[in-house]
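**Student:** just coords:
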């Protein structure tokens, strides 16, 4: 009896560094697959990260989002892990292995023979999930506490600076449940370079996006472009609820004040905010993807 013919796989190649700038690479690689009608839902999907050389929290947030969306649509999604074993250890440490296995994904090319036990780290906030069915306040408190430790030990931020920033992160976590209609994640890590210490933070959800979120309170926003909606959210204290802002405006202010940067992707647009000149650059993409993804870089404050 002839063996059953397996449908050809679809490979999604993610190469180089996965960060805020590479959000466009994600859209280019995944957009056509999610935008089209599948010819065969049983065809395996392979996210090929074998040539990935570095992963930052913002890139990890984007990876989480596309992985989620692919798993919702296709029964078989595999991940070809990076050839660099150091990156494999990082993905395991940050919590990506556990998340992928929860969705039934096959992790190919795993070189880790024994998984180490991990202790709390003062320089890392692992993938922390914000879910509609969990105690959002408790999770938010964990995020605030850990991000506060990272900022205080790594950067020369005052208590007022830290309170202001963690307030916006708290809003971002609450917005994931209240505005986006989906769950999400927060990741943070400190780094050191020849120019000094800095912190990267990734916040991502797989929900309705900024335009649809704003339109819940202002229906006319549905007629705006995604660029206009993002620009409005970054320029104004705006909200679906009267007593709460989206937090994006305040995050932008802190990034600008301390010479950091931020990538913000929603719909078919990525916005890039540079703190030095407070300029916002917009990049239109060919495809719309779900949710909102943010990659923040905070620099060491000059005393």
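**Tutor:** That came through, no problem. Please read all numbers here as calculations on a predicted model, not as lab measurements.
**Student:** and stretch 174-185, average pLDDT?
**Tutor:** Mean pLDDT, stretch 174-185: 74.
**Student:** buried sites along stretch 258-271?
**Tutor:** For stretch 258-271, the neighbour count (16 or more other C-beta atoms under 10 Å) marks 258-271 as buried. C-beta: built from backbone N, CA, C; applies to glycine.
**Student:** what pairs with residue 80 across the strands?
**Tutor:** For residue 80, the beta-bridge partners under DSSP bridges are residue 48, residue 108.
**Student:** pretty sure it is touching residue 50, no?
**Tutor:** Yes. Counting by C-beta atoms under 8 Å, residue 50 is a contact partner of residue 80 at 5.0 Å.
**Student:** do I have it right that residue 230 meets residue 262?
**Tutor:** No. Contact criterion C-beta under 8 Å: residue 230 and residue 262 do not qualify, at 11.3 Å.
**Student:** which residues do the two both contact?
**Tutor:** residue 271 (C-beta atoms under 8 Å, 6 or more residues apart in numbering).
**Student:** of the buried residues of stretch 258-271, which belong to strands?
**Tutor:** Taking DSSP state E, the ones among the buried residues of stretch 258-271 that sit in strands are 261-271.
**Student:** count the residues that sit near residue 127.
**Tutor:** 19 (other C-beta atoms under 10 Å).
**Student:** what's the answer for residue 280, then?
**Tutor:** 18.
**Student:** and what of residue 278?
**Tutor:** Neighbourhood size, residue 278 [other C-beta under 10 Å]: 12.
**Student:** cool, residue 78 as well?
**Tutor:** Neighbours of residue 78 (other C-beta under 10 Å): 17.
**Student:** looking at the buried residues of stretch 258-271, which is nearest residue 35?
**Tutor:** The closest of the buried residues of stretch 258-271 to residue 35 turns out to be residue 268 (C-beta to C-beta; 10.4 Å).
**Student:** residue 290 is in contact with that closest one, correct?
**Tutor:** No. Counting by C-beta under 8 Å, residue 268 sits too far from residue 290 to count as a contact (11.4 Å).
**Student:** which stretches in the protein count as strands?
**Tutor:** Counting by DSSP E, the strands of the chain are 10-13, 16-18, 45-48, 52-55, 77-80, 106-108, 124-130, 184-193, 196-205, 261-274, 279-299.
**Student:** looking at those strands, which is nearest to residue 32?
**Tutor:** strand 279-299 (6.8 Å).
**Student:** that closest one: which residues count as buried?
**Tutor:** Of all the residues in strand 279-299, those buried under the rule 16+ other C-beta under 10 Å are 280, 283, 285, 289-299.
**Student:** redo those residues as CSV? Include distance to residue 189 and pLDDT.
**Tutor:** Compiled in CSV, the buried residues of strand 279-299 are given as follows (distance: C-beta to C-beta, whole Å; pLDDT from 0 to 100):
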residue, distance to residue 189, pLDDT
280, 25, 90
283, 25, 94
285, 26, 89
289, 24, 88
290, 25, 85
291, 21, 88
292, 20, 90
293, 16, 92
294, 15, 92
295, 12, 93
296, 11, 90
297, 11, 89
298, 11, 84
299, 14, 78
